[in-house]
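Undergrad: sequence and predicted structure, then a few things I'm wondering about:
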Amino acid sequence: MNPVFIFLFALLLILLMTAKFRLHPFLSLVSVSILTGILAGEPLGAVEAVSTGMGRVFSHFAIIISCGSIIGLVLEKTGGTAVIAADLVRFSRKPLLGLNILGFLFAVPVMCCILAYVIFVPISREVASRLDIPPVSTATALALGTLASFNLVYPSPVIFSAAQELSADTGSLIKLGFFIAVLTSATGWLYAKKFAGNRVEGPGRPKDGEKTGSSGNSKVSVSLPSSKKSTQSEVGPEKRISGRLAAYMPVFFPLLLILLKAIYEHPVLVFFGDPNIALLTGVLLSVFSARTLGIDALRALIEKAVRRSGVVLLDLCGGGALGATLAMTGAGQALGQLFFDLNLPSIFVPFLVAASLQSVQGSRVVTMLIAPSLMIPFLPELGLPAEILILSMASGTFLVSHVNDPFFWIFGELAELEPGQVLRTYTLGGVLMGFVSFLLVCGAYVLFY
């Protein structure tokens, strides 16, 4: 069967199984992965691709997701997220914009948009609770901020490898990419503010009357408590806060380690700045700050967090299986060749090729490892500057995030949304940002080249 038809059939089947028939995503993803291999005439290859894809995802995300889940749950229980959220609300007149900027600033230094989202999502939930904002709006603002910088700003892994392969002018790429990323991120913030909360009903929205004042006004008091006693009364009797240091250290000390590793290549920093080690350090700090809860309570919290992360990891592994199987069928290359044959304007070709690869296999980094190699034979015909070619491809990595993208499942699980709801919020926001980014790249090409 034609690889393009296999790709479309696989997507349709997964959407039906997860959104309509509510089959668990892990089962639907693995089942469709095997079926995809059978349709491609490689059933044994599909089994190997499923194992390889699942193993690659698990090895990359298991520690990060588990540690992030533990840190988030412990800080939520002790009131640490309430402290950070109160500070964000107090010092930012636009909390959604503040969350968007947090994601934007940290996605590149930590070299992972998913990691930046996992670290800050407990804060986004607390902000939503305090301000009576739909939680899906705060989560979307944060997630789309991480995507904007991770997809467009050098030296993100998405941009770095392509810049090396195509010998781009790094200075021009940094300036142009950052400018486009800022405007693209602002688009994500506006989308989260105006539309995301209106596109979901149920888990992604607070219940009617929840977190509102007696007058029915949607705003609530957000003043930072001046004492430990008043803090405990504001965040609930079950939470205990031991101060700002205990609240901030588990979140920002790991980020500091990762940032230092990016700046200095000292062996000690290379070790402690590894995201897995840095997040494990954050876990130890969060456990130490929550020691007053008692050993039994801490053990119960950690077990709950690990169980929660296990559900997320299963979905991620299923997405990895599907991505590996679709890549095996050659669907990405077939879609790319199709676009070349349509005689489109040159700048459209790298954008559509990257978008097709992203849709097929789900990883933005992998997309930008494959797409430049597909473009190299056509460089003379396209006649595009390397910087424009790279940013056009990078814009395509926003499209289309769906069931084979690990971020799709992490966003949905941590924002407590069904797959259909994630498609209407995170995915649609990414599509909008991708087209805005591409239009900005086209504008830059017309004005500066």
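TA: Received it, and whenever you're ready, just let me know what you need. Numbers count the residues shown, from 1 in each chain.
Undergrad: off-centre distance for the helix or strand hosting Ala46?
TA: According to DSSP states H and E, Ala46 maps onto helix 43-78. A distance of 14 Å separates the centroid of the chain from that of helix 43-78, by CA atoms, centre = their mean, to the nearest Å.
Undergrad: okay, buried residues for it please.
TA: Using 16 or more other CB atoms under 10 Å as the burial criterion, the residues of helix 43-78 that qualify are 46, 49-50, 53-54, 56-58, 60-78. Using the backbone N, CA and C atoms, a C-beta is placed for each residue, glycine as well.
Undergrad: same for that helix, what does it pack against?
TA: In terms of contacts (3 or more CB pairs under 8 Å, 6 or more residues apart in numbering; DSSP states H and E), helix 43-78 is packed against helix 25-39, helix 80-91, helix 113-131, helix 244-263, helix 275-289, helix 295-329, helix 406-415.
Undergrad: export those to a markdown table and tack on distance to Asp169 and mean pLDDT?
TA: Output for the helices and strands packed on helix 43-78, formatted as a markdown table (distance: least, CB to CB, whole Å; pLDDT from 0 to 100):
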| stretch | distance to Asp169 | mean pLDDT |
| --- | --- | --- |
| helix 25-39 | 40 | 88 |
| helix 80-91 | 37 | 79 |
| helix 113-131 | 25 | 88 |
| helix 244-263 | 22 | 85 |
| helix 275-289 | 30 | 90 |
| helix 295-329 | 31 | 85 |
| helix 406-415 | 30 | 89 |
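Undergrad: and of those helices, who's closest to Ala355?
TA: Taking CB to CB, helix 295-329 is the member of the helices and strands packed on helix 43-78 nearest to Ala355, at 14.4 Å.
Undergrad: quick one, whichever helix or strand comes after the closest one and helix 25-39 angle?
TA: Moving toward the C-terminus from helix 295-329, the first helix or strand encountered (DSSP H and E) is helix 331-340. Taking axes from the mean of the first three to the mean of the last three CA atoms, to 10 degrees, one finds helix 331-340 and helix 25-39 inclined to each other by 70 degrees.
Undergrad: how about Leu279, what does it touch?
TA: Residues near Leu279 by CB atoms under 8 Å, 6 or more residues apart in numbering: Ile63, Ile64, Cys67, Gly68, Ile71, Leu115, Pro254.
Undergrad: how close does the nearest residue to the first one once chain neighbours are set aside sit to Cys67?
TA: Right, the one you point to is Ile63. Nearest in space to Ile63, with sequence neighbours left out and distances taken as CB to CB, 6 or more residues apart in numbering, is Asn276 at 4.2 Å. Here the distance between Asn276 and Cys67 works out to 8 Å (CB to CB, to the nearest Å).
Undergrad: quick one: low-confidence ranges for this structure?
TA: For the chain, residues meeting the criterion pLDDT under 70 lie at 19, 109-110, 198-242, 332-333, 336.
Undergrad: repeat that with 50
TA: Along the chain, segments meeting pLDDT under 50 span 202-239.
Undergrad: returning to what we had before: surely the residue nearest to Ile63 is in contact with Ile64?
TA: Yes - contact criterion CB atoms under 8 Å: Asn276 and Ile64 qualify, at 6.4 Å.
Undergrad: what about the residue nearest to Ile63, how many neighbours?
TA: Residues within reach of Asn276, counting by other CB atoms under 10 Å, total 16.
Undergrad: roughly how far apart are it and Val441?
TA: Applying CB to CB, the value for Asn276 to Val441 is 34 Å.
Undergrad: do the same with Ile84
TA: Summarising the geometry, the distance separating Ile84 from Val441, computed by CB to CB, is 35 Å.
Undergrad: looking at these two, which has the bigger crowd around it?
TA: Per other CB under 10 Å, whichever of Ile84 and Val441 has more neighbours is Val441, with 26 against 21.
Undergrad: what's in contact with the strand or helix carrying that one?
TA: Taking DSSP H and E as the definition, Val441 sits inside helix 428-448. When contacts are defined by CB under 8 Å, 6+ apart, helix 428-448 is touched by residues 140, 143-144, 147-148, 151-152, 176, 179-181, 183-185, 187-188, 191-192, 196, 199, 347, 351, 355, 384-385, 388, 391-392, 394-401.
Undergrad: before we move on, back to that, the helices and strands packed on helix 43-78: which one's closest to Ser172?
TA: Smallest distance to Ser172 across the helices and strands packed on helix 43-78 (CB to CB): 21.7 Å, for helix 244-263.
Undergrad: now that closest one - C-alpha only, CSV.
TA: Coordinates of the C-alpha atoms in helix 244-263 are reproduced here as CSV (Å, rounded to 0.1, in the frame of the first residue of the first chain):
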residue,chain,number,x,y,z
ARG,A,244,10.2,30.8,49.6
LEU,A,245,13.5,29.0,49.6
ALA,A,246,11.8,25.6,50.0
ALA,A,247,9.3,26.5,47.3
TYR,A,248,11.8,27.8,44.7
MET,A,249,14.8,25.5,45.2
PRO,A,250,13.3,22.2,43.8
VAL,A,251,12.2,24.0,40.7
PHE,A,252,14.9,26.5,39.9
PHE,A,253,18.1,24.8,41.3
PRO,A,254,17.8,22.0,38.6
LEU,A,255,17.3,24.7,36.0
LEU,A,256,20.4,26.5,37.3
LEU,A,257,22.4,23.3,37.0
ILE,A,258,21.2,22.8,33.4
LEU,A,259,22.0,26.4,32.5
LEU,A,260,25.5,26.2,34.0
LYS,A,261,26.2,23.0,32.0
ALA,A,262,25.3,24.9,28.8
ILE,A,263,27.7,27.7,29.7
